[in-house]
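S.K.: with the sequence up front, the predicted model follows.
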Amino acid sequence: GESVGLHLPTLSVQEGDNSIINCAYSNSASDYFIWYKQESGKGPQFIIDIRSNMDKRQGQRVTVLLNKTVKHLSLQIAATQPGDSAVYFCAENRLGGNQGGKLIFGQGTELSVKP
Amino acid sequence: NAGVTQTPKFQVLKTGQSMTLQCAQDMNHEYMSWYRQDPGMGLRLIHYSVGAGITDQGEVPNGYNVSRSTTEDFPLRLLSAAPSQTSVYFCASSKFLALRTDTQYFGPGTRLTVL
């Protein structure tokens, strides 16, 4: 089932340090995963994605790691900056009807960067 | 391109009233979807559409109707608003999610309060 709560997990890091945000997914059939960043009052913004035939994918200052054995996803942000402060969501793609996929979002983690 | 646009930005309804949240995209995307986001939670999929004339239910479809008469527009209708529908609603689109190669791009959201 889906966890319900009013308080997001939070991660507080010092500016310049590396950040690691973790996510567990439930469906072993999911084959596409995405990380989104959501700033206050805005819609989610795409960061990076990974398919299930990969273990690691790198972008600019971000790396996503996928461990299918334990159904775990992580987002690593290098040299974290104040502009990285936001809520980060992982999402897994599941098969839906009419050949469409359905994105199922995790609860989210709030990242706070201290100057 | 304007991307994904949503109107209105804010709305207050009384219990039992009906209304339609508008969503439009100008990217010629086939896939469109509606999510709701409650405090401290991730986004939950309400309905989605893989093309004009085709819609499917997501995780939380009860109390909402959708239709897709054109590629560009995907309105969400609340037939009889309830306080439990107080939330922030996001519309999203992608070229075709089932291909697993395109992520979803989100609109700015509509904040709905039902009294």
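M.R.: Happy to help now that I have it. Only a predicted model underlies this, so the values are computations on that prediction, with no experimental measurement involved.

S.K.: quick one, helices of chain A?
M.R.: Counting by DSSP state H, one finds no helices in chain A.

S.K.: is the lowest-mean-pLDDT helix or strand in chain B up against chain A anywhere?
M.R.: Every helix and strand of chain B was ranked by mean pLDDT, DSSP states H and E. The lowest is strand B:105-106, at a mean of 89. Yes - applying Cβ under 8 Å from any Cβ of the partner chain, one finds strand B:105-106 in contact with chain A at B:105, B:106. Where you see a C-beta, it was placed from the backbone N, CA and C, and this is true even at glycine.

S.K.: up against chain A, what does chain B have?
M.R.: B:4, B:31, B:33, B:35, B:39-45, B:48-50, B:54, B:56-59, B:90, B:92, B:97-98, B:100, B:103-109.

S.K.: return the subset of these lying in strands.
M.R.: B:4, B:31, B:33, B:35, B:43-45, B:48-50, B:54, B:56-57, B:90, B:92, B:105-106 (DSSP state E).

S.K.: which of those are buried?
M.R.: Buried members of these, counted by 16 or more other Cβ atoms under 10 Å in any protein chain shown: B:4, B:31, B:33, B:35, B:43-45, B:48-50, B:56-57, B:90, B:92, B:105-106.

S.K.: partner strands of the least confident helix or strand of chain B, with direction?
M.R.: Using DSSP bridges, the strands paired with strand B:105-106 are strand B:87-94 (antiparallel).

S.K.: now the angle from the strand it pairs with to strand B:43-51?
M.R.: 40 degrees (axes from the mean of the first three to the mean of the last three Cα atoms, to 10 degrees).

S.K.: and the end-to-end length of stretch A:56-65?
M.R.: 5 Å (Cα to Cα, to the nearest Å).

S.K.: does chain B have contacts with that stretch?
M.R.: No - Stretch A:56-65 does not reach chain B (Cβ under 8 Å from any Cβ); its nearest approach is 12.5 Å.

S.K.: can you name the residues in contact with that stretch?
M.R.: With contacts defined as Cβ atoms under 8 Å, 6 or more residues apart in numbering or on different chains, stretch A:56-65 is touched by A:33, A:35, A:47-50, A:55, A:66, A:73-79.

S.K.: at 10 Å instead, please
M.R.: A:18-23, A:33-35, A:37, A:47-51, A:54-55, A:66, A:72-81, A:84, A:90 (Cβ atoms under 10 Å, 6 or more residues apart in numbering or on different chains).

S.K.: thinking again about what came up before, which element follows the least confident helix or strand of chain B toward the C-terminus?
M.R.: As assigned by DSSP states H and E, the chain's next helix or strand after strand B:105-106 is strand B:110-114.

S.K.: buried residues in that following strand?
M.R.: B:110, B:112, B:114.

S.K.: cool, stretch A:59-78 as well?
M.R.: Taking 16+ other Cβ under 10 Å as the criterion, stretch A:59-78 shows A:62, A:63, A:64, A:65, A:66, A:73, A:74, A:75, A:76, A:77 as buried.

S.K.: flag the shaky bits of the chain, pLDDT-wise.
M.R.: Since no chain was named, I'll use chain A. By pLDDT under 70, the low-scoring segments of chain A are A:1-7, A:95-100.

S.K.: my bad, the chain I had in mind was chain B
M.R.: Applying pLDDT under 70 to chain B flags residues B:1, B:97-102.

S.K.: for residue B:108, the count of nearby residues, please.
M.R.: 16 (other Cβ atoms under 10 Å in any protein chain shown).

S.K.: now the closest residue in space to it that isn't next to it in sequence: how far from residue B:56?
M.R.: Sequence neighbours aside, residue A:43 is the residue nearest to residue B:108 in space, at 5.5 Å (criterion: Cβ to Cβ, 6 or more residues apart in numbering or on different chains). According to Cβ to Cβ, to the nearest Å, residue A:43 and residue B:56 sit 21 Å apart.
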